[in-house]
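1. 3D model of this:
(one chain, ligands or ions: 2)
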Amino acid sequence: MKRDYYEVLGVERDADLQQIKKAYRKLAREHHPDVNSSDPQCEEKFKEATEAYEVLCDTQKRTVYDTYGHDGLKRGAGGPGDFGFGGFTDFSDIFENLFTSFGGGGFGGSPFGGSGRGPSGPARGDDLAVEVELTLEEAAFGVEKEITFRAQGVCSACEGAGTTDPASVKPCGECGGLGRVRTIRRTMLGQFVQTGLCPTCSGRGQVIESPCPECQGGGRVFMERVVTVNIPAGIDGGQRIRVSGRGGAGERGARAGDLYVRVRVEPHPVFRRREDDILYQVDLTMVQAALGTTLTIPTLDGDQDVEFAAGIQPGEVKTLRGRGVTHLNGHGRGDQEILVNVLIPRDLEEEHRRLLQEFDECCGPEQYEHRPEGVLHRLRNLFGG
Ligand SMILES: [Zn+2]
Ligand SMILES: [Zn+2]
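-> Ligands and ions are numbered 1, 2, ... in the order given. As a prediction, the model looks like this:
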């Protein structure tokens, strides 16, 4: 049984043309076989939606359908003219929008090219993605990186022109320089008028009679490219930097694509990063913690002497203000947080045991301060858990 056309498109019976177009565009985007080839039913759904759209966007057919249903259209009954699917329906405005919303480029060969546009001219270069690995210090302070990758670059033989003889560039004979040709396609749903790319000039509107032998007229060839990228201070792993115009070269001098540099940050041997703060753990011996001490602590800016007061407890945190990562897109820096760990001696010899026992005998509970906020509390503050 055939489904109701309004139901297929999911519109009300009094929907206007704009609503019908909108609904169809949405369905076509979901079910177009070029887009969604993984679902075997999508071709059927696409056909069903296309058929519904073709009827409902045509005032005459829609009147017949509203009055007589599917049968009315089948018999062509009740109205003048031909209500089979022999008429011309221009889908180009639908598909132009559909495919430009997908980014265009990937569908360059689609028969559903837009109509009424001029020649597309030489193609823009591809956008490229590359990865760069940084140390934590490089991410914290920014760095200039040379990135090497293989991609299309400007042909050196013709300097990107596609030919060394400018006089050999002529308007395309097949499309008269328009870049597009109209074709009529017969399908089970009827005939469609389609405006497609000219097969001779691929939509360029021009042909080159004596193309450059290095690039076959494209003006670009695959090569090893080296691009210097300024990595801003404060960047973090997983973030991307867009370098405008440093992607694949465009065809015959057209705009180059963009280069997207994705950042990875190597794990650091002693530092962890939490947003723009640097976390570091220091180990104090039991005696250092009890008597207090000054230790040399590594920071992103080099070693720094840090004082630990007598009686410092495991889990306490000392903050070195402004020793963290530079804030991205802003001023100032995060902090370095030093987490105190206290080492308890093991494998004691007889002499050690005796001294500790002696110490314990003269040391009362007043020397040990109980703090209600213990290590767990401090760790939670530090790690934000
Ligand atoms: Zn060339
Ligand atoms: Zn042409």
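2. nearest residue to residue 129 other than its sequence neighbours?
-> residue 260 (4.6 Å; C-beta to C-beta, 6 or more residues apart in numbering). Every C-beta, even on glycine, is put in place using the N, C-alpha and C of the backbone.
3. That neighbour: what secondary structure?
-> Here residue 260 is recorded as strand under DSSP: H, G, I helix; E, B strand; the rest coil.
4. Tell me how far it lies from ligand 2.
-> 33 Å (C-beta to the ion, to the nearest Å).
5. So stretch 183-199, near ligand 2 or not?
-> Yes: counting by C-beta under 5 Å from the ion, ligand 2 has neighbours in stretch 183-199: residue 198.
6. Let me know the average pLDDT across that stretch.
-> For stretch 183-199, the mean pLDDT works out to 77.
7. Buried ones in that stretch, by neighbour count?
-> 190, 192, 194-198 (16 or more other C-beta atoms under 10 Å).
8. List the ones among those that fall in strands.
-> The strands, defined by DSSP state E, take in 190, 192, 194-197 from those.
9. coming back round to it: near the residue nearest to residue 129, how many other residues are there?
-> 16 (other C-beta atoms under 10 Å).
10. Quick check: bridge partners of it?
-> residue 129, residue 242 (DSSP bridges).
11. right, and it touches residue 128 too?
-> Yes: using C-beta atoms under 8 Å, residue 260 is in contact with residue 128, at 6.9 Å.
12. Spell out which residues are contacts of both of these two.
-> Between them, residue 260 and residue 128 share these contacting residues under C-beta atoms under 8 Å, 6 or more residues apart in numbering: residue 247.
13. For the residue of the stretch 251-385 of the chain found nearest ligand 1, which non-adjacent residue is closest in space?
-> Ligand 1 sits closest to residue 252 of the stretch 251-385 of the chain, with a gap of 8.9 Å, by C-beta to the ion. Nearest residue to residue 252 in three dimensions, chain neighbours excluded: residue 219, at 3.8 Å (C-beta to C-beta, 6+ apart).
14. Now do the contacts for that neighbour.
-> Contacts of residue 219 by C-beta under 8 Å, 6+ apart are 122, 154-155, 158, 160-162, 212, 249-253.
15. Show the pLDDT at it.
-> You'll see residue 219 listed with a pLDDT of 92.
16. Show me where this structure dips below the pLDDT cut-off.
-> Where the chain drops to pLDDT under 70, the residues are 33-39, 75-120, 329-330, 370-375, 382-385.
17. all helices for it, in order.
-> 5-9, 17-31, 42-56, 59-75, 92-100, 136-141, 286-291, 350-361, 375-383 (DSSP state H).
18. any chance of the buried residues of stretch 183-199 in CSV, with distance to residue 28 too?
-> Shown next, in CSV, are those (distance: C-beta to C-beta, whole Å):
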residue, distance to residue 28
190, 16
192, 13
194, 14
195, 17
196, 17
197, 20
198, 24
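19. Quick check: of those, which lies closest to ligand 2?
-> Looking across the buried residues of stretch 183-199 and measuring by C-beta to the ion, the closest to ligand 2 is residue 198, at 3.0 Å.
20. Excluding sequence neighbours, find me the nearest residue to the closest one.
-> Nearest residue to residue 198 in three dimensions, chain neighbours excluded: residue 175, at 3.8 Å (C-beta to C-beta, 6+ apart).
21. give me the number of residues near that neighbour?
-> 20.
22. re the thing from before, can I get the helices of the chain in TSV including mean neighbour count and distance to residue 149?
-> Shown next, in TSV, are the helices of the chain (neighbours: other C-beta atoms under 10 Å; distance: least, C-beta to C-beta, whole Å):
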stretch	mean neighbour count	distance to residue 149
helix 5-9	20	46
helix 17-31	17	33
helix 42-56	19	36
helix 59-75	15	54
helix 92-100	18	28
helix 136-141	21	19
helix 286-291	16	51
helix 350-361	10	60
helix 375-383	14	38
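23. Mind checking those for the one nearest to ligand 2?
-> The closest of the helices of the chain to ligand 2 is helix 92-100. By C-beta to the ion, the value is 17.7 Å.
24. Buried residues in stretch 125-145, which are they?
-> Neighbour-count burial for stretch 125-145 [16+ other C-beta under 10 Å]: 125-126, 128, 130, 132, 134, 136, 138-141, 143, 145.
25. Now do it: distance to the chain's middle.
-> For stretch 125-145, the separation from the chain centroid amounts to 16 Å (computed by C-alpha atoms, centre = their mean, to the nearest Å).
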